[in-house]
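Participant: heads up, no residue letters with this:
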């Protein structure tokens, strides 16, 4: 099926793209420009205006482009002896890249100049339109290898067995999909002492790098996962839990009821996720791959 890509699961990140267009002109045309004799006026200002407008209207022109918030557009025009170069830079904070906006802006700016100079230059041509640079997106935060990361999964539930569990399996599939090694996977009752014991075993005995729990984060009479986790954490990662709730809240008003916490014990990262399948899937989309950078920090490496 063709159409727009589904970016609803993505998180907003900083995006930047730079595109270039080059027009070939004659020496006579260069003289006309220098002397202010362009038949339709100032080509530089016209290109800047048209390029900026084109960047903001890309989704109207390219069928499968998403309408996105444009935070910055800059159009630079430089005139040489035999060519005109247009450089466009576009920036945005959103779920998808801005390379099409930069390319469209460069294209329309070059067409504007072509239209303005064609009456005086029969050999005028647009020689190239290309993407120079593209930055941003979640790929910028992917670690080179996850094969050494050892993980454990804990499902807190009084009603589920391993055969009935879906949320834990979703976590395992996600971790395996990025190359992590699954060391252990347990389903335990919603019992504070039992959860504490398992978390200590994962971190102190098995020395896993990351433990992801699911279940027991609500306000029911047997929801103790956050209390159990807090009791054994050495450092709490408030930002991780806040980000999971904020991401979920944009999708369901029930996310604010989750009390999950995250933190570190020794060199083990522990993250509580809700129990529902949808909430687990959304939370994993939210924290990966950014959370993987924490392992470099735990071993003394600096931030980028």
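Facilitator: Ah, there it is. Not measured: the values here are computed from a predicted model.
Participant: any idea how far the closest residue to residue 125 other than its chain neighbours is from residue 194?
Facilitator: In this structure, residue 125 finds its nearest non-sequential neighbour in residue 24, 4.7 Å apart by Cβ to Cβ, 6 or more residues apart in numbering. Backbone N, C-alpha and C define where each C-beta goes, glycine included. Distance from residue 24 to residue 194, counting by Cβ to Cβ, to the nearest Å: 75 Å.
Participant: list the contacts of the residue nearest to residue 125.
Facilitator: Shown in contact with residue 24 (Cβ atoms under 8 Å, 6 or more residues apart in numbering): 82, 83, 123, 124, 125, 126, 127.
Participant: run the last query once more with 6 Å
Facilitator: With contact taken as Cβ atoms under 6 Å, 6 or more residues apart in numbering, residue 24 is in contact with 83, 125, 127.
Participant: out of those residues, which comes closest to residue 12?
Facilitator: Proximity to residue 12 was ranked across these by Cβ to Cβ; first place goes to residue 127, at 36.2 Å.
Participant: check the gap between the closest one and residue 78 for me.
Facilitator: 15 Å.
Participant: cool, and residue 294?
Facilitator: Distance from residue 294 to residue 78, by Cβ to Cβ: 44 Å.
Participant: settle it for me: which of those two has more neighbours?
Facilitator: residue 294 (18 against 10; other Cβ atoms under 10 Å).
Participant: and for the more buried one, nearest residue in space, chain neighbours not counted?
Facilitator: residue 269 (5.8 Å).
Participant: thought residue 210 was touching the one you found, still the case?
Facilitator: Yes: the pair residue 269 / residue 210 is scored as a contact, 4.6 Å apart, by Cβ atoms under 6 Å.
Participant: so residue 109 makes contact with residue 47?
Facilitator: Yes: contact between residue 109 and residue 47 holds when scored by Cβ under 6 Å: they sit 4.1 Å apart.
Participant: the contacts of residue 24 in strands, which ones?
Facilitator: In this view, the contacts of residue 24 that belong to strands under DSSP state E are 83, 125, 127.
Participant: bridge partners for the residue nearest to residue 294, pull those for me.
Facilitator: Note on residue 269: beta-bridge partners by DSSP bridges are residue 210, residue 264.
Participant: and the pLDDT at it?
Facilitator: For residue 269, the pLDDT comes out at 97.
Participant: how far away is it from residue 82?
Facilitator: Applying Cβ to Cβ to residue 269 and residue 82 gives a distance of 59 Å.
Participant: with neighbour numbers in mind, choose between the two.
Facilitator: residue 269 (25 against 12).
Participant: report the separation between the more buried one and residue 80.
Facilitator: 54 Å.
Participant: name the residues of the longest helix anywhere in the chain that are buried.
Facilitator: Longest helix of the chain, by residue count under DSSP state H: helix 99-117. By 16 or more other Cβ atoms under 10 Å, the buried positions in helix 99-117 come out as 99-114, 116-117.
Participant: can you list contacts of stretch 101-115?
Facilitator: 17, 19, 21, 23, 43, 46-47, 50-51, 54-55, 58, 75, 86, 88, 90, 126, 129.
Participant: how about stretch 70-82?
Facilitator: Under Cβ under 6 Å, 6+ apart, the answer for stretch 70-82 is 44, 47-48, 51-52, 55-56, 85-92, 109.
Participant: quick one: average confidence on that stretch?
Facilitator: For stretch 70-82, mean pLDDT is 96.
Participant: in that stretch, what's buried?
Facilitator: Those buried within stretch 70-82 under the rule 16+ other Cβ under 10 Å are 70, 73, 74, 75, 77, 79.
Participant: which residue is the nearest non-sequential neighbour of residue 255?
Facilitator: residue 248 (3.1 Å).
Participant: and the contacts of stretch 70-82, which is closest to residue 167?
Facilitator: Out of the contacts of stretch 70-82, the member with the shortest distance to residue 167 (by Cβ to Cβ) is residue 92, at 33.9 Å.
Participant: close enough to count as contact, that closest one and residue 15?
Facilitator: Yes: using Cβ under 6 Å, residue 92 makes contact with residue 15 at a distance of 4.9 Å.
Participant: need the residues touching each of the two.
Facilitator: Residues touching both residue 92 and residue 15 (Cβ under 6 Å, 6+ apart) are residue 98.
Participant: having no further points to raise, I will conclude here.
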